[in-house]
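Student: Show me how the following folds:
(3 chains)
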Amino acid sequence: MTRFEVLTTQAEETVDITAQVVDAAARSGLAEGALLVWCPHTTAAIFVNEGHDPDVLHDIALVLGRLAPQGLAYRHGEGNSPAHLKSLLAGCSVTLPVSEGRLALGTWQRVFFADFDGPRTRQVWVQPLAGAASEVP
Amino acid sequence: MTRFEVLTTQAEETVDITAQVVDAAARSGLAEGALLVWCPHTTAAIFVNEGHDPDVLHDIALVLGRLAPQGLAYRHGEGNSPAHLKSLLAGCSVTLPVSEGRLALGTWQRVFFADFDGPRTRQVWVQPLAGAASEVP
Amino acid sequence: MTRFEVLTTQAEETVDITAQVVDAAARSGLAEGALLVWCPHTTAAIFVNEGHDPDVLHDIALVLGRLAPQGLAYRHGEGNSPAHLKSLLAGCSVTLPVSEGRLALGTWQRVFFADFDGPRTRQVWVQPLAGAASEVP
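Tutor: The predicted structure follows:
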């Protein structure tokens, strides 16, 4: 398993980590299989969505902010319950296909790290998973 | 990795793809492991839920429509931000257990492809993942 | 693949299953790879979030209850559509990294089984997945 850091600079910030994940896929030497990309934090998320138009990230943040708003009858004393909820809803890991030695994503897909309780120095863990035997003819 | 197509015929449509996934599991020759079932699109989802009563799919669509409604202060110019959000909330992939050579799902579970920005010809990618060494006694 | 049971005692209850998952990781004999932890039910979820302060679980239940409330125009006759929706939003499985022979979680992360339609005797399935070849130097 390899690790890399993501430094966020704002309270809420979504960072495109596709390049680091592509690099991890290449360094794994994996031909067929998957990469488990894991966020070891409970107030951040890792997800895949459109990376071409940055306005999509704005709209994702807009809706997550409505789904887990500040000011509900939260009990968690740290005041960051919305960040825990956004982590749950967006998900704290993705398992990405690797095929023919490369990370296999759709045309518009990018991998994002979203910090909902920044700014912080965050970790991303990457575990390569082995593909199975080839097709039965 | 194998691929198959899903043709949707409506703006929003959820298609049961369990048969195709069961078939992919059988063709993989995998005895113990998992299938990564990947949606390479950013306005569609792949998820597992009840397939016995089609009204469950109605109710899922009803709630997703409330969580990511039309008409918010979206910036993404294509007008399909609700579809991007529904993809994020429902998830763009599942990793399904394979055991004793067969896809292992609960009694009521089925695998669904949901198109939130159709109708389109969509792709599903299936990557078999190897199981690990047997139990330590 | 191994299985264990979770007994819930309330209509909605979230149970910390980290100890069982740690044990499954140890018994798998896996050094590097992942554990697919699967919920074979459609009205329950398995997710990872903070386990230090139980109030976080309260706040998660609070928000999920707002996102999928009782009383909408549901069609599913069993009356448990909110439970199906919460299962979808929180997710019915996690794929967890295993490294150096141990389950690898962040400092505050715990693995939870959430029953949204209890009390019931529930199942959790655990499938170890093999890690891939070591790093290319």
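
Student: in stretch A:27-42, what counts as buried?
Tutor: Buried residues in stretch A:27-42, counted by 16 or more other CB atoms under 10 Å in any protein chain shown: A:28, A:30, A:32-42. (C-beta placed from N, C-alpha, C; glycine too.)

Student: Please report how far residue A:31 lies from chain B.
Tutor: Residue A:31 is 11 Å from chain B, where distance means CB to the nearest CB, to the nearest Å.

Student: which ones are touching the closest residue to that residue other than its chain neighbours?
Tutor: Nearest residue to residue A:31 in three dimensions, chain neighbours excluded: residue A:101, at 5.1 Å (CB to CB, 6 or more residues apart in numbering or on different chains). For residue A:101, the contact set (CB atoms under 8 Å, 6 or more residues apart in numbering or on different chains) comprises A:26, A:30, A:31.

Student: Spatially, which two of the buried residues of stretch A:27-42 are the most separated?
Tutor: When the buried residues of stretch A:27-42 are compared pair by pair using CB to CB, the two farthest from each other are A:32 and A:42, 32.3 Å apart.

Student: which ones among the buried residues of stretch A:27-42 come in contact with chain C?
Tutor: Judged by CB under 8 Å from any CB of the partner chain, the overlap between the buried residues of stretch A:27-42 and the neighbourhood of chain C comprises A:28, A:30, A:33, A:36, A:38, A:39, A:40, A:41, A:42.

Student: pLDDT score for the nearest residue to the third one once chain neighbours are set aside?
Tutor: Pointing back at residue A:33 there. Of all residues not flanking residue A:33 in the chain, residue A:131 sits nearest, at 3.8 Å (CB to CB, 6+ apart). What the model reports for residue A:131 is a pLDDT of 95.

Student: Just to check, residue A:131 is in contact with residue A:28?
Tutor: No: Residue A:131 sits out of contact with residue A:28 when judged by CB atoms under 8 Å, with a separation of 11.6 Å.

Student: mind listing what the residue nearest to residue A:33 touches?
Tutor: Residues near residue A:131 by CB under 8 Å, 6+ apart: A:30, A:31, A:32, A:33, A:34, A:98, B:1, B:127, B:128, B:129, B:130, C:132.

Student: any chance of those residues in a markdown table, with distance to residue A:106 too?
Tutor: A markdown table is the format used below for these (distance: CB to CB, whole Å):
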| residue | distance to residue A:106 |
| --- | --- |
| A:30 | 19 |
| A:31 | 20 |
| A:32 | 18 |
| A:33 | 18 |
| A:34 | 15 |
| A:98 | 14 |
| B:1 | 13 |
| B:127 | 14 |
| B:128 | 19 |
| B:129 | 19 |
| B:130 | 24 |
| C:132 | 22 |
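
Student: Which of those residues fall in strands?
Tutor: Where those overlap with strands, as defined by DSSP state E, the overlap consists of A:33, A:34, A:98, B:127, B:128, B:129, B:130.

Student: Can you show me the CA trace of the lengthiest helix in chain A as CSV?
Tutor: The single longest helix within chain A, with elements called by DSSP state H, is helix A:55-67. Written as CSV, here are the backbone C-alpha positions of helix A:55-67 (Å, rounded to 0.1, in the frame of the first residue of the first chain):
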residue,chain,number,x,y,z
ASP,A,55,-18.9,24.2,-12.1
VAL,A,56,-19.9,20.6,-11.5
LEU,A,57,-17.9,20.6,-8.2
HIS,A,58,-19.6,23.9,-7.2
ASP,A,59,-23.0,22.2,-7.8
ILE,A,60,-22.0,19.2,-5.8
ALA,A,61,-20.9,21.4,-2.9
LEU,A,62,-24.1,23.3,-3.2
VAL,A,63,-26.3,20.2,-2.9
LEU,A,64,-24.2,18.6,-0.1
GLY,A,65,-24.5,21.8,1.8
ARG,A,66,-28.3,21.6,1.6
LEU,A,67,-28.4,17.9,2.5
